[in-house]
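S.K.: Need a 3D model of the sequence below.
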Amino acid sequence: RNRSPAVTITNEQRSALDEVVLMTIRAVGGTVAGVRAGELLGEIGIDRALKKLPEPKPDYRYLGESLQRLKQAGKIRLIRGRWRTVSPTA
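M.R.: The predicted structure follows:
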């Protein structure tokens, strides 16, 4: 199952990553087309934010957790395998 070690990140790191992910989804995918999670890993802003986090956990795990936090907050939604913002000002 989960072979990645548990890594604790601070609330500041968590919110900074969430902001970058939300801005990237808004810029790349918008509300019309959307963006796949795999496409987000190649974006420069997200790569820079991930470099600031502790190393042991894989990048896609950090990204997945961020996407789930944003989804639970009602800022993004998953439609047909693509992430989209709920509204342009979300």
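
S.K.: Poorly predicted segments of this protein, please.
M.R.: 1-7, 29-32, 88-90 (pLDDT under 70).

S.K.: hey, where'd the strands end up in it?
M.R.: 76-79, 82-85 (DSSP state E).

S.K.: and these, which is most packed in?
M.R.: Compared across these, strand 82-85 shows the largest average neighbour count, a mean of 19 (mean count of other C-beta atoms under 10 Å). The C-beta positions use only the backbone N, C-alpha and C, and glycine is treated the same way.

S.K.: And it, how far out from the chain middle?
M.R.: 11 Å (C-alpha atoms, centre = their mean, to the nearest Å).

S.K.: what packs against that strand?
M.R.: strand 76-79 (3 or more C-beta pairs under 8 Å, 6 or more residues apart in numbering; DSSP states H and E).

S.K.: centre of the chain versus the strand it packs on, how much separation?
M.R.: That offset, for strand 76-79, works out to 12 Å (C-alpha atoms, centre = their mean).

S.K.: Residue 86: how many residues sit nearby?
M.R.: Residues lying near residue 86 (other C-beta atoms under 10 Å) number 14.

S.K.: ok, so what distance separates the closest residue to residue 20 other than its chain neighbours from residue 23?
M.R.: Nearest residue to residue 20, sequence neighbours excluded (C-beta to C-beta, 6 or more residues apart in numbering): residue 49, at 4.3 Å. Separation of residue 49 from residue 23 (C-beta to C-beta, to the nearest Å): 10 Å.

S.K.: higher neighbour count, the two?
M.R.: Remark: of residue 49 and residue 23, residue 49 carries more neighbours, 21 against 14, as counted by other C-beta under 10 Å.
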